[in-house]
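# model this:
(one chain, ligands or ions: 1)
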Amino acid sequence: MTDRVLVLNLGSSSLKYRLLDGATGVAEATGSVERIGEDSATLMHSVGGHDHTEERHVTDFEDALRSALDAFDRHGPAIDRDDLAAVGHRVVHGGDLFAEPVVVDDHLLDTVEDLVPLAPLHNPANLEGLRVALRLFPDVPQVAVFDTAFHQTMPEHAYTYAVPVAWREKHRIRRYGFHGTSYAFVSRRAAELLDRPVEDTNLVVLHLGNGASAAAVRGGRSVDTSMGLTPLEGLVMGTRSGDLDPAIHGHLHRELGWSLEEIDRALYRESGLLGLAGANDFREVTQRRAAGDEAATLAFDVYAYRVRKYVGAYYAALGELHAVVFTGGVGQHSAVLRAAALDGLSRLGIVLDAERNEARSSDARFVSADGSAVAVLVVPTDEEWEIARQALEVVRGAQ
Ligand code: AMP
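All right, here's what the predicted structure looks like:
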């Protein structure tokens, strides 16, 4: 029986894929198609330590997936469709309908379509990916893994916004949360590292990448998270504002005459680190801050302070905390951000070890001081492996 899974992750104009062993996480090949639908797309296929890159015109998602399969044919490894246990799909928004991964069928496609209003940027691409993969791999089980699923365990008082009942009942307005696949992976890995049963482990997990969020995880289950109805709420991100006063929308509209679309666009694409410092890449912000740039210094401080506030809030939400866990590109690599975010928290029992924090490693590891009552961990996330693992579980469970 094969454990091979092809994982597909479609964005608004990109496809990322990985062929891997769902049981061990070992990847055979990985790749991406960027700028689908534009004049020229970049296809990158990486296998056996070699990157094969080419520019070609890719019209749509079907063309993108066919181009990827073509790259497998030319550069290997061969994908024999009988030798695939599943195709695993990342689907961004499952609303409150999916707490688990599910096998894709026509009913599921209709349901994901119904959820498009909740994720107008992401779900249409995910839906198209599901349809195309069903056409190209008709005999292979397809499994949808939802970014929101992990957070379906949040208690009502954590996911409910203080808005009129009709908004919540008719328009599904509530906190959903995202990055769930990453939280599932990282929480399990953190419990292993702490040598505690996951059921008895309380964590504040900080997923700090281009998108960024925090989660309070009790016993392997999400009890709160910083992203909300959409992935705009919460921490400062590369180009997204995170938390702000909701009255800013009306204020901008009245002051500047901006439409809702223009305001949304500014908050999603022109805010965050980009808005504060003119750069959305955290490395650049850090380098400019080190060189004394004022805007970059403010951007860094706002970012770190927001993270610290959430650590405090979620510590209070959990009552007892075993570890603060950093993941995502920034969380995994930026020692200076980890130090700034946790600065002054020793009275809460959170103490970093400077040398461990600054040591470079790609392994999951402790960066707290020996006497720290709360551990601080860095755990590299692996969303593709988690999708493959969950896809395998569903397929095996269905057999
Ligand atoms: P991700 O979305 O998880 O790939 O994370 C992307 C973010 O991680 C970008 O803002 C990068 O600048 C940041 N990042 C990656 N490597 C480093 C590093 N060595 N130091 C600081 N930030 C980094």
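# check contacts around whichever residue of the stretch 151-300 of the chain sits closest to the ligand.
When distances are taken as C-beta to the nearest ligand atom, the stretch 151-300 of the chain reaches nearest to the ligand at residue 209, 2.6 Å away. Where you see a C-beta, it was placed from the backbone N, CA and C, and this is true even at glycine. Contact analysis of residue 209 by C-beta atoms under 8 Å, 6 or more residues apart in numbering lists 328, 329, 330, 331.
# also residue 288?
Contacts of residue 288 (C-beta under 8 Å, 6+ apart): 277, 279, 295, 296.
# and the first one, backbone torsions?
For residue 277, the backbone dihedrals (degrees, to the nearest 10) come out as phi -120, psi 0.
# so it touches residue 302, yeah?
No - using C-beta atoms under 8 Å, residue 277 is not in contact with residue 302; the gap is 9.5 Å.
# those two: who's more crowded?
The neighbour comparison of residue 277 against residue 302 (other C-beta atoms under 10 Å) goes to residue 277, with 24 against 16.
# from the chain's centroid, how far away is stretch 357-365?
Between the centre of stretch 357-365 and the centre of its chain there are 21 Å (C-alpha atoms, centre = their mean, to the nearest Å).
# hmm, that stretch in reach of the ligand?
No - shown here: stretch 357-365 not in contact with the ligand (C-beta under 6 Å from any ligand atom), separated by at least 8.7 Å.
# can you pull the contacts of the spatially most central residue of the chain?
Note on the chain: the residue nearest the mean C-alpha position is residue 179, at 3.3 Å, using C-alpha atoms, centre = their mean. Applying C-beta under 8 Å, 6+ apart to residue 179 gives the contacts 147, 207, 211, 213, 215, 225, 227.
# and the fifth one, that one's in a helix?
No - looking at residue 215 with DSSP: H, G, I helix; E, B strand; the rest coil, it is strand, so not inside a helix.
# can I assume it is in contact with residue 221?
No - at 10.1 Å, residue 215 does not count as touching residue 221 under the criterion of C-beta under 8 Å.
# of these two, which one has the most company?
In terms of neighbours (other C-beta under 10 Å), residue 215 is the more surrounded of residue 215 and residue 221; the figures are 30 against 17.
# ok, back up a step: gap between the residue nearest to the centre of the chain and residue 211?
7 Å (C-beta to C-beta, to the nearest Å).
# filter the contacts of residue 209 down to the ones near the ligand?
Among the contacts of residue 209, the residues that sit close to the ligand (C-beta under 6 Å from any ligand atom) are 328, 329, 330.
# name the residues that touch the helix or strand encompassing the second one?
Translated: residue 329. According to DSSP states H and E, residue 329 maps onto helix 328-333. Helix 328-333 is touched from outside by 182, 206-210, 212, 282, 326, 337-338, 362, 378, 380-381, with contacts defined as C-beta under 8 Å, 6+ apart.
# helix or strand for the closest residue to the ligand within the stretch 1-150 of the chain, which one?
Taking C-beta to the nearest ligand atom, the ligand has its nearest neighbour within the stretch 1-150 of the chain at residue 16, 11.2 Å off. Element membership for residue 16 (DSSP H and E) is strand 14-21.
# residue 187 too?
If you go by DSSP H and E, residue 187 is part of helix 180-194.
# packing partners of that helix?
Secondary-structure packing of helix 180-194 (3 or more C-beta pairs under 8 Å, 6 or more residues apart in numbering; DSSP states H and E): strand 202-208, strand 212-218, strand 221-225, strand 323-327, strand 375-378, helix 383-398.
# if we can go back for a sec, closest to residue 392 out of the ones next to the ligand among the contacts of residue 209?
residue 328 (24.5 Å; C-beta to C-beta).
# got a pLDDT number for that closest one?
Here the pLDDT value assigned to residue 328 is 97.
# residues touching residue 380, list them.
Taking C-beta under 8 Å, 6+ apart, one finds 327, 332, 362, 363, 364 in contact with residue 380.
# could you measure from the first one over to the ligand?
Applying C-beta to the nearest ligand atom, to the nearest Å, one obtains 8 Å for the distance of residue 327 from the ligand.
# and that residue, what does it touch?
182, 186, 205, 206, 207, 208, 378, 379, 380, 381.
# ok, what's across the strand from it?
The bridge-partner assignment for residue 327, based on DSSP bridges, gives residue 207.
# mind jotting down where the strands sit in the chain?
Counting by DSSP state E, the chain has these strands, from start to end: 4-10, 14-21, 27-34, 41-47, 50-56, 86-91, 102-103, 142-146, 202-208, 212-218, 221-225, 323-327, 365-366, 375-378.
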